[in-house]
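Asks: A structural model of the following input is requested.
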Amino acid sequence: QFPRVRVAVVRSGLPERALGRNVFCAGNDLGELDAARTTRERFVAFWRTLSAFLTALYDSRLYTIAAVHGFCAAGGLAIALACDTRVASP
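Replies: Coordinates of the predicted model:
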């Protein structure tokens, strides 16, 4: 769709110190994860969706950079690791 675009930067959409500290990604949506545990189908769908997202990021034709500014745990770390390069600051 945009053939001249060669790089994607993944970063937090939160303003600096929005949660009292800088946050890249705190992890999985625990409400969604809890809801996914209600049935096997929802559980499988949740993990397939997350896996498909991480695989698409990892396999992207674009060079991906995770701009990690602050806290990065669980699902956030998985997102950062799926990128080609990680640049971090506190």
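Asks: so is Thr55 in a helix, a strand, or just coil?
Replies: Of the three states, Thr55 takes helix according to DSSP: H, G, I helix; E, B strand; the rest coil.
Asks: try Phe2
Replies: Of the three states, Phe2 takes coil under three-state DSSP.
Asks: count of neighbours near it?
Replies: 6 (other CB atoms under 10 Å). For the C-beta atoms, the positions are set from N, CA and C on the backbone; glycine is no exception.
Asks: Thr85 versus that one, what's the distance?
Replies: 20 Å (CB to CB, to the nearest Å).
Asks: need the three-state assignment for Thr38.
Replies: Per three-state DSSP, Thr38 ends up coil.
Asks: now do it, the pLDDT please.
Replies: At Thr38, the pLDDT value in this model is 88.
Asks: please apply the same query to Gly20.
Replies: Looking at Gly20, the pLDDT reads 68.
Asks: just Pro90 next, same as before
Replies: Reading off the model, Pro90 has pLDDT 77.
Asks: can you report phi and psi for Ala73?
Replies: phi -140, psi 160 (degrees, to the nearest 10).
Asks: which strands border the strand of greatest length in the chain, and is each parallel or antiparallel?
Replies: In the chain, with assignment by DSSP state E, the single longest strand is strand 63-69. Applying DSSP bridges, strand 63-69 is found paired with strand 7-10 (parallel), strand 85-89 (parallel).
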